[in-house]
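In: the sequence and its predicted three-dimensional model are supplied below.
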Amino acid sequence: MNIQVLNELMRLNGITSYLHLSKEIHIPYTTLLDLVRGKGERLSNIKIIADFFGVKMSYLIDEPRKIVTINEKNNIKIEKETGYNNVLSNLLSN
């Protein structure tokens, strides 16, 4: 799972911790921590997270992105662009 994207989605949605997220999505905290640590990446759990945030699963499982800056309007500058990075940039700039 792409932790940078997950953390940014959490921030944008006022989710302050993984414990908070686990309660919101009804996935056990330990299961969520396993996902964050790269263990046991079950697609069904990733889908639950993607659905909760209203994004495609590919946002959460795409290669890591290098986010250079994020300003108060949630505009980001990405060092290396890919197709999903462009979509993420558009998502975060709304």
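Out: Nice, I can see it.

In: what's the neighbour count on Ser22?
Out: The number of residues packed near Ser22 is 18, by other CB atoms under 10 Å. Yep, even glycine has a C-beta here, placed from its N, CA and C like the rest.

In: no, scratch that, I was asking about Ile27
Out: Other residues within reach of Ile27, judged by other CB under 10 Å, total 20.

In: ok, now which ones touch it?
Out: Residues in contact with Ile27 (CB atoms under 8 Å, 6 or more residues apart in numbering) are Asn45, Ile48, Ile49.

In: out of those, the closest to Ser58 would be?
Out: The closest of the contacts of Ile27 to Ser58 turns out to be Ile49 (CB to CB; 12.4 Å).

In: the closest one and His20, how far apart?
Out: 13 Å (CB to CB, to the nearest Å).

In: compare the two (neighbour count), which wins?
Out: Here Ile49 and His20 are compared on neighbour count by other CB under 10 Å; more neighbours surround Ile49, at 22 against 13.

In: could you tell me the end-to-end distance of stretch 12-20?
Out: The distance separating the two terminal residues of stretch 12-20, taken as CA to CA, to the nearest Å, comes to 14 Å.

In: nope, stretch 10-18 is what I was after
Out: According to CA to CA, stretch 10-18 extends 9 Å from its N-terminal end residue to its C-terminal end residue.

In: perfect, that will be all.
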